[in-house]
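>>> From the sequence below, what's the structure:
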Amino acid sequence: MPSKSLLVLWTMLMSTVPSKPGLKITIHNTSALRGETLIYLQNDRKRIEERRQVPQLLRRGGPFVYVPSPPVVTITRCDLDQMFVLNLDAREYMSMPIPKPPSREELQARAAQQPKPDVQAQPTLLIETTTQDTGERKQMFGYMARHVITTVKQIPLVESSQIPQETVTDGWYIDLDTSVSCAKQSSAYSALLVGGTRKPGEPPQIPVLTFKNVGKRETGFPLMTKEFHRLIGSSPAASTQKKEEPTNETQVTELSTRPLDDSLFEVPKNFRKVEQIRRTPVFSYWRLLLGWLDYCWARLKHAI
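The predicted structure is shown next:
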């Protein structure tokens, strides 16, 4: 009898103790949508909280200021097979099943249903990805980080409106899996494609892509990245006249392991369910006035 009681007590204790410590990550972003992203992970549950500053025009064609957008939270619960997206300011949320990627058989069936062209189209745009491990290593947040530079080039293969350009990502990466079992992250890179120039009234040209990979792709978690976008073939003298500034920069400012409160992965009871949450800021008259004051103050400091 005592052994049975101990077994029940042990089962109760194990059900209340997390199976693994929680993980909290804070990422600072200095792109056009600057702000912070907070990631929480524990027991196959994930919470992503985004706090952004978005550009808002003060008048059409005029200056703009950065205003805070509503904090948006995405909660992934593998145990419920549900995703919840919350607007913290409006206290609203929407829910949906976790999207499942198509299986290999489903992809093959879809490809079989697509009509096959009589003549295979020739590629018109090459996306070339070069990954270079510099060999540099350093300790970051208790992990051994590696320095990797990834260059994605967009190279037209025929005369078209597409512009030769490249995006260079200079980053430090660690081996850390921040995905959950029901929503695995994709390790594929997405190439930056920018529309080329075309005459007014001319229909857009849809490029036929071909891909080339040089070096082993980096699939680790980025702790620090600087992204540079430039046109290929621009004058080298022009680039040396002034220091090139990154178009996008991210940096992890916190990476810690500790038990997390279960409420982080739950929808508060006082939130109202809606079909679609609002993600853009409300630009009220008082915020418009503050925007103009900030703009005038910035011009005054620049003049002084």
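
>>> now the strands for the stretch 51-200 of the chain?
For the stretch 51-200 of the chain, applying DSSP state E, counting those that start in this stretch gives strands covering 64-68, 72-77, 82-87, 92-97, 125-140, 143-156, 165-174.

>>> what mean pLDDT does the longest one have?
For strand 125-140, the per-residue pLDDT values average out at 96.

>>> So what are the sheet partners of it and their directions?
Take DSSP bridges as the rule and strand 125-140 pairs in its sheet with strand 143-156 (antiparallel), strand 209-214 (parallel).

>>> so which of those is the most packed in?
Counting by mean count of other C-beta atoms under 10 Å, strand 143-156 has the highest mean neighbour count of the strands paired with strand 125-140, with a mean of 18. For glycine as for every other residue, the C-beta is placed from the backbone atoms N, C-alpha and C.

>>> Hey, what's the angle from it to strand 165-174? Just curious.
Here strand 143-156 runs at an angle of 170 degrees relative to strand 165-174 (axes from the mean of the first three to the mean of the last three C-alpha atoms, to 10 degrees).

>>> All further residue positions should be reported with the first residue as 789.
All right, first residue 789 from here; so that's strand 931-944.

>>> what residues are up against Phe1053?
Residues near Phe1053 by C-beta atoms under 8 Å, 6 or more residues apart in numbering: 828, 830, 833-835, 863, 865.

>>> Kindly present these as CSV, with separate columns for pLDDT and secondary structure.
Converted to CSV, the contacts of Phe1053 look like this (pLDDT from 0 to 100; DSSP: H, G, I helix; E, B strand; the rest coil):
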residue, pLDDT, secondary structure
Tyr828, 97, strand
Gln830, 95, strand
Arg833, 96, strand
Lys834, 97, strand
Arg835, 97, strand
Ile863, 97, strand
Arg865, 97, strand
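
>>> What is the nearest of these to Val940?
Minimum distance to Val940 across the contacts of Phe1053 is 27.5 Å, recorded for Lys834 (C-beta to C-beta).

>>> so the closest one makes contact with Cys970?
No. Using C-beta atoms under 8 Å, Lys834 is not in contact with Cys970, being 9.5 Å away.

>>> Looking at those two, which has the bigger crowd around it?
Here Lys834 and Cys970 are set side by side on neighbour count (other C-beta atoms under 10 Å), and the busier one is Lys834, at 23 against 19.

>>> From Pro843, how far out is the more buried one?
Going from Lys834 to Pro843 by C-beta to C-beta, to the nearest Å gives 29 Å.

>>> quick one, helices of the stretch 989-1092 of the chain?
Applying DSSP state H, counting those that start in this stretch to the stretch 989-1092 of the chain gives helices spanning 1024-1029, 1073-1091.

>>> hey, least reliable of the ones you listed by pLDDT?
Lowest mean pLDDT of these: helix 1024-1029, a mean of 49.

>>> sorry, back to before: could you check the strands of the stretch 839-988 of the chain and tell me which one is nearest Thr998?
Of those, nearest to Thr998 by C-beta to C-beta is strand 913-928, at 5.5 Å.

>>> Contacts made by the closest one with the rest, please.
The contact list for strand 913-928 (C-beta under 8 Å, 6+ apart) reads 932-945, 948, 950, 960, 962, 977, 979, 981, 995-1006, 1011-1012.

>>> ok, for the residue most central in space within the chain, nearest residue in space, not its chain neighbours?
Centroid check for the chain by C-alpha atoms, centre = their mean gives Thr825 as the closest residue, at 9.4 Å. Nearest non-adjacent residue to Thr825, counting by C-beta to C-beta, 6 or more residues apart in numbering: Ile815, 4.4 Å away.

>>> Is it correct that that neighbour is in contact with Gly823?
No. In this structure, Ile815 is not within contact of Gly823 by C-beta under 8 Å, at 9.5 Å.

>>> Same drill for the two, tell me which one is more crowded.
Per other C-beta under 10 Å, whichever of Ile815 and Gly823 has more neighbours is Ile815, with 21 against 18.

>>> returning to what we had before: would you tell me which of the strands of the stretch 839-988 of the chain gets closest to Lys1061?
Nearest of the strands of the stretch 839-988 of the chain (C-beta to C-beta): strand 880-885, 6.0 Å.

>>> so for the closest one, what's the average pLDDT?
96.

>>> quick revisit: want to throw the strands paired with strand 913-928 into CSV with mean pLDDT and distance to Pro1069?
Formatted as CSV, these follow (pLDDT from 0 to 100; distance: least, C-beta to C-beta, whole Å):
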stretch, mean pLDDT, distance to Pro1069
strand 931-944, 96, 32
strand 997-1002, 93, 36
